[in-house]
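> Sequence first, predicted coordinates after that:
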Amino acid sequence: MTNRLYPDFSVLLVDDEPAWLRSLSLTLERSAGITNIITCQESRDVMELIAREKVGLLLLDLTMPHLGGEELLEMVSEKHPEIAVIIISGLNQIDAAVRCVKQGAFDYYVKTVEEERLIGGVLRAIRMLELERENREMASRFFSRKLIHPEVFADIVTNERAMLAIFTYIEAVAKSPQPLLITGESGVGKELFARAAHRLSGCKGQLVAVNVAGLDDMVFSDTLFGHQKGAFTGADQPRRGMVEEAVDGTLFLDEIGDLSIASQVKLLRLLQEGEYFPLGSDRPKRLKARIIVATHRDLSAKVASGEFRRDLFYRLKIHHLNIPPLRDRKDDIPILLDHFLAEAAASLGKRKPTPPPELAQLLMTYHFPGNVRELRAMVYNAVSVHRDRKLSMETFLEAIGSAAAADTGQTVDNASIFAGFERLPTFTEAAELLVTEALKRARGNQTIAARLLGISQPALSKRLKGLKE
């Protein structure tokens, strides 16, 4: 497996001292995971290198023979303003630093500065360049509204424009090394979107999915970071954690909203420092995977209540997509029904049944608290007991009726549906309101409306005739 270079653009180091170039290259790779590095000892070759290579960041020594750092900075700023330049000097020259920043340098460091400060400055420059690229990409996608890789989203069945907008957003941010937060109710298919983002990321490794709900802090640490032999009682052999399993790939953490505060701290450190410690080890390992997280929880509310760390929340939502519930994309129900009928029939070794024409309309009147997962389960249940050529509606009616009865019980317990009425409607008025609402939900289909009201279709026809007179 070929390791993916980080960042996507080259980091060019220019210095006439070969020992310094070697030292800085090793430091950036060891401490920051920066592997896409080019070194150059001859300042006169820099402009040719930039023209030939995909350079995004330039670390430039100030004092060099032939072409000095200030001269090179002026040339790069004029011809390649998209390249960020960090000046590194052997001396603390305040006047030179001010001049360089005025000419467009991103930052200025002295060679004797603490290693950590220099690495932090380089990482800040890389993140700035990545965000600029992502903003350009998103703006381009927003105006074109055209998918480049529609095949990646083949598993997500939809015709909704809102969903297609989510696809274009995923294409725009898929290659970003920053975390991606996916929110949405249970059953909307958050893992499908995570898999699409992984396939578009260009990562050579696999997608490793971990459901972190219910994991205590010790199990969370062991699951993600692994352990050394003898780290705790029963640790007879070393074990790789999921972070290591996902090297050069994507680590998908589902149900992130259920993490304990202690585990949140460890996840935050992993994201901020880009390193972690296996249990029982005092030697850190580098994070070499993209992080995608998902939750059905309202993280903003959990932050407000103190159950979720604010700093972790903002770190995670650098890229954020929210998947709409099925009740907000009801026009997708007919195509999802057809898709799941074919899938269920193939899975159960049966011929695909023909659904009655009113089935899709019936399903579109239902609010689907379990979302796409609930619809899929309904279809599989119906196909499993299916015998005739035409699919029966009975299992769907039973499922919807049970859910409706449960919801009705909750409504009655919580508040009266007439609480907002200043004057109680008469029986005739209430019946008219019910019939009108049922027809509206059934989109004019009297058979469906009658089933929603719990009466026969002839009884509904009679009532409708009475309303017209």
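Yep, it's here.

> Walk me through the domains of the protein.
Segmentation of the chain into domains, based on automatic domain parsing, reads 10-131, 145-324, 328-468.

> Please enumerate the helices of the stretch 301-450 of the chain.
Counting by DSSP state H, counting those that start in this stretch, the stretch 301-450 of the chain has helices at residues 310-316, 333-348, 357-364, 371-384, 394-414, 427-441, 446-453.

> what does the model give Gln237 for pLDDT?
Gln237 carries a pLDDT score of 90 in this model.

> try Tyr380
95.

> what's the distance between the residue lying closest to it once chain neighbours are set aside and Thr183?
Excluding its sequence neighbours, the residue lying closest to Tyr380 (C-beta to C-beta, 6 or more residues apart in numbering) is Ala344, at 4.6 Å. Just so you know, the C-beta spots here come from the backbone N, C-alpha and C atoms, and that holds for glycine as well. According to C-beta to C-beta, to the nearest Å, Ala344 and Thr183 sit 29 Å apart.

> any weak-confidence spans in the stretch 101-250 of the chain?
141-145 (pLDDT under 70).

> on contacts alone, who are the packing partners of the longest helix seen in the chain?
Secondary structure of the chain read by DSSP state H shows that its longest helix is helix 115-144. Judged by 3 or more C-beta pairs under 8 Å, 6 or more residues apart in numbering; DSSP states H and E, the packing partners of helix 115-144 are helix 18-32, strand 55-61, strand 84-89, strand 107-110, helix 161-173.

> Please save the CA atoms from the longest one in CSV.
In CSV, the C-alpha atoms belonging to helix 18-32 read as follows (Å, rounded to 0.1, in the frame of the first residue of the first chain):
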residue,chain,number,x,y,z
PRO,A,18,22.6,20.9,3.8
ALA,A,19,22.7,19.8,7.5
TRP,A,20,19.9,22.3,8.4
LEU,A,21,17.8,21.0,5.4
ARG,A,22,18.1,17.4,6.6
SER,A,23,17.4,18.4,10.2
LEU,A,24,14.3,20.4,9.3
SER,A,25,13.0,17.7,7.0
LEU,A,26,13.3,15.0,9.7
THR,A,27,11.7,17.3,12.3
LEU,A,28,8.7,18.1,10.1
GLU,A,29,8.1,14.5,9.2
ARG,A,30,8.6,13.1,12.7
SER,A,31,6.8,15.7,14.7
ALA,A,32,4.1,16.9,12.3
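
> Toward the C-terminus from it, list the very next helix or strand.
Using DSSP states H and E, the next helix or strand after helix 18-32 towards the C-terminus is strand 37-40.

> how about the CA coordinates for that following strand, as CSV?
Extracted in CSV, the C-alpha atoms of strand 37-40 (Å, rounded to 0.1, in the frame of the first residue of the first chain):
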residue,chain,number,x,y,z
ILE,A,37,8.8,17.8,1.2
ILE,A,38,11.3,19.1,-1.4
THR,A,39,14.7,20.5,-0.4
CYS,A,40,16.8,22.9,-2.4
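
> Sheet partners, orientation included, of it?
Partners of strand 37-40 in the sheet, by DSSP bridges, are strand 10-14 (parallel).

> Other residues contacting the strand it pairs with?
Here strand 10-14 makes contact (C-beta atoms under 8 Å, 6 or more residues apart in numbering) with 21, 24-25, 28, 34, 36-41, 43, 46, 49-50, 53-61, 64, 69, 72, 122, 126.

> Save the helices and strands packed on helix 115-144 as a markdown table, and put in mean neighbour count and distance to Leu131 too.
A markdown table is the format used below for the helices and strands packed on helix 115-144 (neighbours: other C-beta atoms under 10 Å; distance: least, C-beta to C-beta, whole Å):
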| stretch | mean neighbour count | distance to Leu131 |
| --- | --- | --- |
| helix 18-32 | 16 | 17 |
| strand 55-61 | 24 | 12 |
| strand 84-89 | 23 | 12 |
| strand 107-110 | 19 | 16 |
| helix 161-173 | 18 | 10 |
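
> Would you reformat these as a markdown table and include distance to Thr447?
Shown next, in a markdown table, are the helices and strands packed on helix 115-144 (distance: least, C-beta to C-beta, whole Å):
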| stretch | distance to Thr447 |
| --- | --- |
| helix 18-32 | 66 |
| strand 55-61 | 63 |
| strand 84-89 | 66 |
| strand 107-110 | 71 |
| helix 161-173 | 30 |
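
> Relative to Asp217, which of those is closest?
helix 18-32 (26.9 Å; C-beta to C-beta).
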